[in-house]
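*Asks:* next comes the sequence, and after it the predicted model I'd like to discuss.
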Amino acid sequence: MKVALVTGAAQGVGFATARLFAEKGYHVVMTDVQPLDAQIEALVALGGSVSALSGDISSEAFVVELAAKIARDHGAADVLVNNAGISLICSAETTSIDQWQRVMNINLTGPFLLCREIGKQMLGRNRGNIINVASIAGLHGVIDRSAYNASKHGLVGLTRTLAAEWGGRGVRVNAVCPGWIKTEMDEADQGSGAYSDSDIIDRVPMGRFAKPEDVARAIAFLAHEDSFINGASLPVDGGWLADASWDALRLKKR
């Protein structure tokens with residue numbers, strides 16, 4: 001049975017991805033800082049094969065422990081999905097070094113540690129797929145998100161570097177770059193008054209937020225073992241980055 005490791009699996013994109021890989025017949029290893037008992041129960045009820053280990057992916061000790069568990073139980077993961085991440089809406093001039101470092105630790109250092117440790121196992125078998133969940137904020141700038149944007153730009157850079165470094169050894173590395181998604185993170189960001197539903201819906205050519213399942217399907221597409229895609233950063237944004245129109249013109253065409 002193939003094995004997929006999904007981080008940030010307690011909710012949102014992470015849980016949708018874990019569910020989709022379970023439905024595809026993978027054994028899914030879930031990890032998150034939150035407890036995962038309810039998520040395991042839900043996937044087992046659907047007939048899924050799952051296990052979990054809760055912990056902080058920005059901790060090198062935890063990542064080493066997680067990798068050792070996968071090696072002991074399964075030999076290696078076939079797929080790694082680096083989904084865990086946090087948001088920070090804050091002007092650059094008021095972002096503290098502690099805020100900056102926390103975002104970098106979780107959004108960039110954690111994925112690097114996982115790529116390093118799980119990647120070693122994949123390289124040992126000359127096969128594997130890594131999908132990093134970046135953001136359209138990793139391809140363009142978004143105001144009041146200097147730490148978040150920098151972390152996601154870094155994740156895109158890490159993706160491209162590892163794709164170049166490991167592609168010839170059987171391990172592909174790609175990224176998905178979602179736009180705004182209706183998740184618990186979005187609810188928290190909106191709760192701060194940063195933006196409204198219409199700010200996003202009016203800006204997206206497809207006229208809606210992404211759903212976690214939209215991103216999960218893009219991840220599964222990139223993870224297909226017969227794919228020749230390597231080093232890509234795939235927008236999953238409903239056309240956000242493609243459209244340079246102003247809102248009135250865009251809305252006139254709906």
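*Replies:* Looks like it arrived, so ask away. The shown structure was predicted, so the numbers you read here are calculated from the model rather than taken from an experiment.
*Asks:* my read: residue 208 touches residue 238, true?
*Replies:* Yes: counting by Cβ atoms under 8 Å, residue 208 does reach residue 238; the two are 6.8 Å apart. To be clear about C-beta, it is placed using only N, CA and C from the backbone, and glycine gets the same treatment.
*Asks:* and the contacts of stretch 54-65?
*Replies:* 7, 31-36, 53, 66, 84, 105-106, 109-111, 113-114, 117 (Cβ atoms under 8 Å, 6 or more residues apart in numbering).
*Asks:* gap between the two ends of that stretch?
*Replies:* With Cα to Cα, to the nearest Å as the measure, the first residue of stretch 54-65 is 11 Å from its last.
*Asks:* next: stretch 243-254.
*Replies:* End-to-end for stretch 243-254, by Cα to Cα: 14 Å.
*Asks:* mind listing what residue 229 touches?
*Replies:* Contacts of residue 229 (Cβ under 8 Å, 6+ apart): 172, 174, 222.
*Asks:* contacts for the worst-scoring helix or strand of the chain on mean pLDDT?
*Replies:* Least confident element among the helices and strands of the chain, by mean pLDDT, DSSP states H and E: helix 184-191 (a mean of 73). Residues outside helix 184-191 that contact it (Cβ under 8 Å, 6+ apart) are 11, 12, 86, 87, 89, 180, 195, 196, 197, 209.
*Asks:* for these, which entry has the maximal number of neighbours?
*Replies:* residue 180 (25 neighbours; other Cβ atoms under 10 Å).
*Asks:* which residue is the nearest non-sequential neighbour of that one?
*Replies:* residue 200 (4.6 Å; Cβ to Cβ, 6 or more residues apart in numbering).
*Asks:* which of residue 208 and residue 238 has more residues huddled nearby?
*Replies:* Taking neighbours as other Cβ under 10 Å, residue 208 and residue 238 compare with residue 238 leading, 22 against 13.
*Asks:* contact partners for that one?
*Replies:* 179, 204, 205, 206, 207, 208, 210.
*Asks:* swap in 6 Å and give it another go.
*Replies:* Applying Cβ atoms under 6 Å, 6 or more residues apart in numbering, we find residue 238 in contact with 204, 206.
*Asks:* what's the pLDDT at it?
*Replies:* With respect to pLDDT, residue 238 scores 96.
*Asks:* the residue nearest to residue 180: neighbour count?
*Replies:* As a burial measure, residue 200 scores 21 neighbours (other Cβ under 10 Å).
*Asks:* surely it is within a helix?
*Replies:* Yes: remark: residue 200 belongs to a helix, assigned using DSSP: H, G, I helix; E, B strand; the rest coil.
*Asks:* can you say which of the contacts of stretch 54-65 are buried?
*Replies:* 7, 31-33, 36, 66, 84, 105-106, 109-111, 113-114, 117 (16 or more other Cβ atoms under 10 Å).
*Asks:* moving C-terminal from the helix or strand containing residue 219, which element do we reach first?
*Replies:* Following DSSP states H and E, one finds residue 219 within helix 212-222. Using DSSP H and E, the helix or strand that follows helix 212-222 in sequence is strand 233-236.
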